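Peer 1: A structural model of the following input is requested.
(chains A and B)
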Amino acid sequence: LAKTTQPISMDSYEGQEVNITCSHNNIATNDYITWYQQFPSQGPRFIIQGYKTKVTNEVASLFIPADRKSSTLSLPRVSLSDTAVYYCLVVRASGSARQLTFGSGTQLTVLP
Amino acid sequence: DTEVTQTPKHLVMGMTNKKSLKCEQHMGHRAMYWYKQKAKKPPELMFVYSYEKLSINESVPSRFSPECPNSSLLNLHLHALQPEDSALYLCASSPTSGYITDTQYFGPGTRLTVL
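Peer 2: Numbering: from 1, shown residues only, chains lettered A, B, ... in the order given. Predicted coordinates:
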């Protein structure tokens, strides 16, 4: 599976838009990009998944350029409660069980 | 109900003890997973059960023994653990195990301390 690279940490202020970029240079044709959020001492929570262009849901947007070698998670108007670790993953369908391989993640700290 | 429950929340055990972690989901999911997460590190996959059969074992030491009694329940039996096995143990489930759009739902984890 393609290795992902993300910034180790980011700081932001309440009310700002936050963009976290993930690099996945070796992504394969059938791979999808998925983002999870994890609060301390909790399990990861699915945020958003996409294949190309732009995907939006009630909590975030995901931008994927045409070459798909990177992706950007956009969190609009963050609040203190968005402080968490954000993981970018490349996932691939297979005939059997599909593994999630987590990268190092980005610690987002939202400041008042 | 989109919840994965795990018990106990916290567990302290000695190196000679035998204990079990329990995971339950009632979403009708047919794939269930165990992950291990050390402090400040990402989750690492340990085992995958697909339709109640063990399909992936990521070279986990035999002191960890998974069991899937039915499609809703997943256990992790622990025996003769080492202090370095102290970690957050996460259970997850997904609708099936192979579809690209399957989302994994994680439980809150069991915080295990081995003395």
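
Peer 1: mind listing what the residue sitting nearest the centre point of chain B touches?
Peer 2: Nearest residue to the geometric centre of chain B (C-alpha atoms, centre = their mean): B:Trp34, 2.8 Å. Contact analysis of B:Trp34 by C-beta atoms under 8 Å, 6 or more residues apart in numbering or on different chains lists B:Cys23, B:Leu45, B:Met46, B:Phe47, B:Pro66, B:Leu74, B:Leu76, B:Tyr89, B:Leu90, B:Cys91. All C-beta atoms are positioned from the backbone trio N, CA, C, and that covers glycine.

Peer 1: In the sheet, which residues pair with the fifth one? Tell me.
Peer 2: Going by DSSP bridges, B:Pro66 is paired in beta bridges with B:Leu76.

Peer 1: what about it, distance to A:Ser23?
Peer 2: 34 Å (C-beta to C-beta, to the nearest Å).

Peer 1: re earlier: the residue nearest to the centre of chain B is in what secondary structure piece?
Peer 2: Using DSSP states H and E, B:Trp34 sits in strand B:31-37.

Peer 1: any idea how far that strand is from the chain center?
Peer 2: Remark: strand B:31-37 is offset 4 Å from the chain centroid, using C-alpha atoms, centre = their mean, to the nearest Å.

Peer 1: For chain A, what is the nearest residue in chain B?
Peer 2: B:Phe106 (2.8 Å; C-beta to the nearest C-beta).

Peer 1: Quick check: pLDDT value at that residue.
Peer 2: The confidence metric pLDDT takes the value 95 at B:Phe106.

Peer 1: Return the per-residue confidence for the closest residue to it other than its chain neighbours.
Peer 2: Distances taken as C-beta to C-beta, 6 or more residues apart in numbering or on different chains put A:Gly43 closest to B:Phe106, at 2.8 Å, once the chain neighbours are dropped. Predicted confidence (pLDDT) for A:Gly43: 94.

Peer 1: you'd agree A:Gly43 is up against B:Gln104?
Peer 2: No - contact criterion C-beta atoms under 8 Å: A:Gly43 and B:Gln104 do not qualify, at 9.2 Å.
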